[in-house]
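*Asks:* structure for this input, please:
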Amino acid sequence: MSEITEYINNEVEPILIEDTIETVQDLFLEFPYSHFPVLEEGVYIGCASAEDVELLDSDRKIGEFRYTFERFFARDTMPWLDLLEIFAKNETNVVPVLDANNTYIGYYEIADVIKCFHETPFLKEDGGILVVQKGIKEYSMSEIAQIVESNNAKLLGLFISYNDMEKVQVTLKLSLGGINEIIQTFRRYNYEIISEHQEDAYLNNLKDRSDYLDKYLNI
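*Replies:* Next up is the predicted model:
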């Protein structure tokens, strides 16, 4: 997997506080960015939003509207998963990068971070996807891993894909193997299987019985 810092970009120069709104509007017209970093005397002071800039008077300076700037950023030492969280929380496709001295060193684009994610075993390795659900106070990540490994499978990755006040859904990537045995073990531990699987013997058996009952009732 590539180091995430390999994707720090400097292709486009940051916006300067003395730039006109027209200049900034032209930047957003040329590049499909939702936000872009603004510097004042070389210091990062926030991100201008494409939506905000579009509504401003073109002959004024961007510095007059610093109160509209959004002040999110990433450190150059930040793991890619934490970086992905910044993209999501701020609904942006660009995140400025600062070093330990708060010096601006470039920006990340979401497309590049997704490329990094694609290199992880979770997506790159062959395997099956399983989504399970249980009460939020009852599920356990260690229990989930134990269920998978007790059936001689390998867990390539997992994450919480949904939760509310009562339940949580966990998406798992498993090495190829006997997924039916894994599914049945999860059911014995009171997990609900959310994803559909052709190998699910329990559901196949229910379907066969339902089909038989339909035929009987139609005689």
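*Asks:* ok, now which ones touch residue 161?
*Replies:* Contact partners of residue 161, counting by Cβ atoms under 8 Å, 6 or more residues apart in numbering, are 131, 169-171. All C-beta spots, glycine's among them, are computed from the backbone N, C-alpha and C.
*Asks:* so it lies in a strand, does it not?
*Replies:* Yes. Residue 161 sits within a strand when classified using DSSP: H, G, I helix; E, B strand; the rest coil.
*Asks:* roughly how far apart are the residue nearest the centre of the chain and residue 159?
*Replies:* The chain has residue 84 as the residue nearest its centroid, 5.7 Å off, counting by Cα atoms, centre = their mean. Taking Cβ to Cβ, to the nearest Å as the measure, residue 84 and residue 159 are separated by 11 Å.
*Asks:* again, but for residue 18
*Replies:* Using Cβ to Cβ, we find residue 18 at a distance of 44 Å from residue 159.
*Asks:* same check on residue 112?
*Replies:* Taking Cβ to Cβ as the criterion, residue 112 is separated from residue 159 by 20 Å.
*Asks:* which residues sit in contact with the residue nearest to residue 126 when sequence neighbours are not counted?
*Replies:* In space, and not counting its chain neighbours, residue 126 is closest to residue 176: 5.9 Å by Cβ to Cβ, 6 or more residues apart in numbering. Residues counted as contacts of residue 176 (Cβ under 8 Å, 6+ apart) are 126-128.
*Asks:* helix/strand/coil for residue 176?
*Replies:* For residue 176, the secondary-structure state derived from three-state DSSP is coil.
*Asks:* next up, phi/psi of it, please.
*Replies:* Backbone geometry at residue 176, expressed as degrees, to the nearest 10, gives phi -60, psi 140.
*Asks:* can you give me the strands in the chain?
*Replies:* Ranges of strands in the chain, per DSSP state E, are 15-16, 35-40, 43-49, 74-75, 94-98, 104-109, 128-135, 155-163, 167-174, 192-193.
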